[in-house]
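Colleague: Quick check, what structure comes out for this input:
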Amino acid sequence: KIRNLGIIAHIDAGKTTLTERMLYYCGALHEPGNVDEGNTVMDYMYQERTRGITIRSAAITFNWSGFQFNLIDTPGHVDFSGEVERSLRVMDGSVVVVDAANGVQTQTQTVWRQSDKFHIPRLVFLNKMDLHAASIEVPLQDLEKKLNAVPLLVQVPLPGLAGVVDLLSMQPILYKDALGTEAVLGNLSELPEAVQTLAKERREALLDTVASLDQEFLDKLVDGKYTQEDILLAIRKLTVRLKGFPTFVGSALKNRGVQPLLDGVVRYLPSPAEVKAAKGTFRGQILERTPEDKHLCALAYKVIHNSSRGNLVYARIYSGKIKQGESLKNTTQNGLTEKATQLLRVRSNEYVEVNSVTAGDIVAIVGLKKACSGDTLIARSDSEEIKLPGVEMPPPVFFCNIEAENEREQKELEDLLEALSREDPSFTAKKDQESGQLLVTGQGELHLEILRDRLEIEFGMKTRLGSMMVAYREAASSEQAHQIMIDRKELNQFLCLHLKVVPEENQIDIEDVESALHGDRFSELLGKVEWNLKDSSSSVYHSYISQFESKGETEEFMPIHKLNPEAKEKLIEELKNSVQRGPVLGYPLINLKLVVEDGIISRKRTSQSVINEAVAKGVRELVEKADPRLMEPIMQTEITVPDSIIGDLIGDLTSNRRGMIMEVKKDTFEGKSTVVARVPLKEMLGYSSMLRSISKGEGVFIMKFQSYEVVPDVVFQEMFSFH
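Modeller: All right, here's what the predicted structure looks like:
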């Protein structure tokens, strides 16, 4: 009787408010918190409460109707999509909160595609139905058109949101108090005729949709022999199979519709025993772990540093059992063994100690000092060292330098950043080899500002962030071949490499860009290495063989395809490293393939240092011949502002920021419109401050990565002179 679920949505759709109401009705809270008042249980970080947004996905365990809920409230801001990604990795189901006044928004589409990636059954909650601009029709149409989903509306709202009508039982649920704790079942025949008509029409539409997707229910519907239980079971079957999505209505802020949604989680979302088995690999073979399996198998999906307990490793148990004090083997880290000194039930930032946890559960583990997000944990004695797929994070698009205000704390800063990167793998920290500066990379300006704030508030470390910079890339424009020869007998060095570079266009479509951001296809953008050699005669070798023969040195040299496996692996690794710095401005190379076509090595004089030098020099010279270009990230940007400044905003985007306007949408809220545009990320640096100024604080915008494109010559010349 477990439900592992998440709450996911666009920013400000009401996720955290809904979660607070769930906790209140389940008895976990004496009174519900309010985001605007900064007193919610789930948003417990200082930055979350002051900014009014969710930054870190928070987990909590509570009970409803005899079922244990392990619930995760996720961020809605695009800068923290990595938090959503790793949370979805361990969910069995989710509730997608949709703003009924604005319908499906950009981040709604993002989290929906992320849920599709992990095959997660979903319920939909049409929130904010109390607003004048709210409707059922707009979000239902959006679900169908924008998400290609089949909504199964199981409720309709009563006028003034005095309650809802359950379309399965055809009974109204009427609220008697402001907090929504007193609800009674009414009689549909006593409601206004318009409500009765709407409920009957919606029920008929629901039954028709279910019947069109489920043959067994269709047969019962045709025969007229079906019960309320038959409808429920058919909807549940469609939900678990991702063919339909039960849709509820209400207002979390006004305490309406939350208890029926909780019942819906129990009714329609799967238990851990009903989801697909966890699949991993062991010695090249696919292994599966189900809740019935006695082998322990758990995935560490999140690491948090707690000031009093140390590292807390959040883990989903797929099979077996963990006992407090048990030693766990980390198969992702080559069998590293650590002891689980404590097992904790989680309530946001509060914890309750337990002695053991079993399959299907989510728990926080104390004592695992080296475990990282995405690691697989098994029993120490288990010889079947299964390794589950890890947690993939979106690539960073912003970076800047960071330094401690007190120079003597710089080493401590580096250690703190290393610890925080274990908590949040979507940001990285590393030293630039040329400048010696410490660089941090992240998903956006807000992401890195939060990082700075955490360092000061949680660790007392004051830092300075440099100006935000953009994660440019470089690419070759033409196919070229190049030969690099190092022959220094006096230094005992020799290597000849024949390399080729082949441009490869980025084939990722706009509709599929989320898979590029979240690991499935992003590797297709990066420079790749191909070993295109056959065990046959080497043309390069034979072109030089005569001079070797005259010196009696033929035994020393051999074609490169005869490299031993270890040396070959090191050469390929060095080639992969070489694409990390392009010849233009030192950014990584993308959209190309490096091919090793031929070469000669010396049994005596080809050392690793020679290989490193030849590869670095050869790749640089090769790409320089291939007319390299600087590539910049292009962002899909949505900006919502009052209609009074829409003209100025569009003018600024097109004239000053190289933006291309794709669409202007009139929002449901009166007096506002949303501009959808493609804009280079470089031009959006510092945009939030400018937007606040011109819109008097009413404007909001979100961005998401779309593609890499060539930097125009005029812009490049400005950058080149700067560098």
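
Colleague: how about low-confidence regions in the stretch 201-350 of the chain?
Modeller: 307, 347-349 (pLDDT under 70).

Colleague: Which residue ranges of it form strands?
Modeller: 245-249, 278-282, 285-289, 297-306, 310-319, 321-323, 327-330, 336-339, 342-347, 350-354 (DSSP state E, counting those that start in this stretch).

Colleague: Taking strand 297-306 as reference, get the angle to the third one.
Modeller: By that I understand strand 285-289. Here the directions of strand 285-289 and strand 297-306 differ by 70 degrees (axes from the mean of the first three to the mean of the last three C-alpha atoms, to 10 degrees).

Colleague: just checking, what packs against strand 285-289?
Modeller: Applying 3 or more C-beta pairs under 8 Å, 6 or more residues apart in numbering; DSSP states H and E, one finds that strand 285-289 makes contact with strand 278-282. All C-beta spots, glycine's among them, are computed from the backbone N, C-alpha and C.

Colleague: Strands of the stretch 401-550 of the chain, start to end?
Modeller: Along the stretch 401-550 of the chain, counting by DSSP E, counting those that start in this stretch, strands occupy 428-431, 438-442, 463-465, 469-470, 473-475, 480-488, 493-503, 528-531.

Colleague: quick one on the thing from earlier: out of the strands of the stretch 201-350 of the chain, the one nearest residue 91 is which?
Modeller: Residue 91 lies closest to strand 310-319 among the strands of the stretch 201-350 of the chain, at 8.7 Å (C-beta to C-beta).

Colleague: Please identify the pairing partners of the closest one and their relative orientation?
Modeller: Strand pairing for strand 310-319, determined by DSSP bridges: strand 297-306 (antiparallel), strand 362-366 (antiparallel).

Colleague: a markdown table please, covering those strands and showing mean neighbour count.
Modeller: What follows is the strands paired with strand 310-319, written out as a markdown table (neighbours: other C-beta atoms under 10 Å):
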| stretch | mean neighbour count |
| --- | --- |
| strand 297-306 | 24 |
| strand 362-366 | 24 |
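
Colleague: I'd like to know which of those is closest to residue 28.
Modeller: So among the strands paired with strand 310-319, strand 362-366 is nearest, using C-beta to C-beta, at 15.9 Å.

Colleague: and the closest one, C-alpha only, in PDB?
Modeller: Taking only C-alpha atoms (Å, rounded to 0.1, in the frame of the first residue of the first chain), the coordinates of strand 362-366 have been written out as PDB:
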ATOM      1  CA  ILE A 362      11.900   5.900  -0.500                       C
ATOM      2  CA  VAL A 363      14.300   6.700   2.400                       C
ATOM      3  CA  ALA A 364      17.200   9.000   3.400                       C
ATOM      4  CA  ILE A 365      20.400   7.100   4.400                       C
ATOM      5  CA  VAL A 366      23.000   8.400   6.800                       C
END
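
Colleague: Below-threshold pLDDT in the stretch 1-150 of the chain: ranges please.
Modeller: 30, 32-58, 75-82.

Colleague: do that again at 80, thanks
Modeller: Residue ranges of the stretch 1-150 of the chain with pLDDT under 80: 11, 28-59, 73-86, 106-107, 110.

Colleague: and if you look at the stretch 601-723 of the chain?
Modeller: Scanning the stretch 601-723 of the chain with the threshold set as pLDDT under 80 gives 603, 606, 667-671, 686, 688-689, 692, 696-705, 719-723.

Colleague: Using a markdown table, lay out the strands paired with strand 310-319 together with distance to residue 206.
Modeller: Below are the strands paired with strand 310-319 laid out as a markdown table (distance: least, C-beta to C-beta, whole Å):
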| stretch | distance to residue 206 |
| --- | --- |
| strand 297-306 | 36 |
| strand 362-366 | 33 |
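
Colleague: Mind checking those for the one nearest to residue 168?
Modeller: Nearest to residue 168, of all these, is strand 362-366, at 30.2 Å by C-beta to C-beta.

Colleague: tilt between the closest one and strand 350-354?
Modeller: Going by the same axes, to 10 degrees, strand 362-366 makes 90 degrees with strand 350-354.

Colleague: and stretch 494-504, how far out from the chain's middle?
Modeller: Centre-to-centre, stretch 494-504 and its host chain are 36 Å apart (C-alpha atoms, centre = their mean, to the nearest Å).

Colleague: if you average pLDDT over that stretch, what comes out?
Modeller: Per-residue pLDDT over stretch 494-504 has a mean of 87.

Colleague: Output it in CSV with nothing but the alpha carbons.
Modeller: Listed next in CSV are the C-alpha coordinates belonging to stretch 494-504 (Å, rounded to 0.1, in the frame of the first residue of the first chain):
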residue,chain,number,x,y,z
PHE,A,494,58.2,9.2,-32.8
LEU,A,495,54.6,9.1,-34.0
CYS,A,496,52.8,9.7,-37.3
LEU,A,497,49.0,10.1,-37.3
HIS,A,498,46.7,10.6,-40.3
LEU,A,499,43.4,12.3,-39.1
LYS,A,500,40.2,13.4,-40.8
VAL,A,501,37.5,15.7,-39.5
VAL,A,502,33.9,15.3,-40.8
PRO,A,503,31.2,17.9,-39.9
GLU,A,504,28.0,16.4,-38.6
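
Colleague: Which helix or which strand is home to the closest residue to residue 322 other than its chain neighbours?
Modeller: Distances taken as C-beta to C-beta, 6 or more residues apart in numbering place residue 357 nearest to residue 322, at 5.4 Å, with adjacent residues excluded. Using DSSP states H and E, residue 357 sits in strand 356-358.

Colleague: Please identify which of the strands paired with strand 310-319 is closest to residue 461.
Modeller: Using C-beta to C-beta, those put strand 297-306 closest to residue 461, at 13.2 Å.

Colleague: Okay then, goodbye and thanks.
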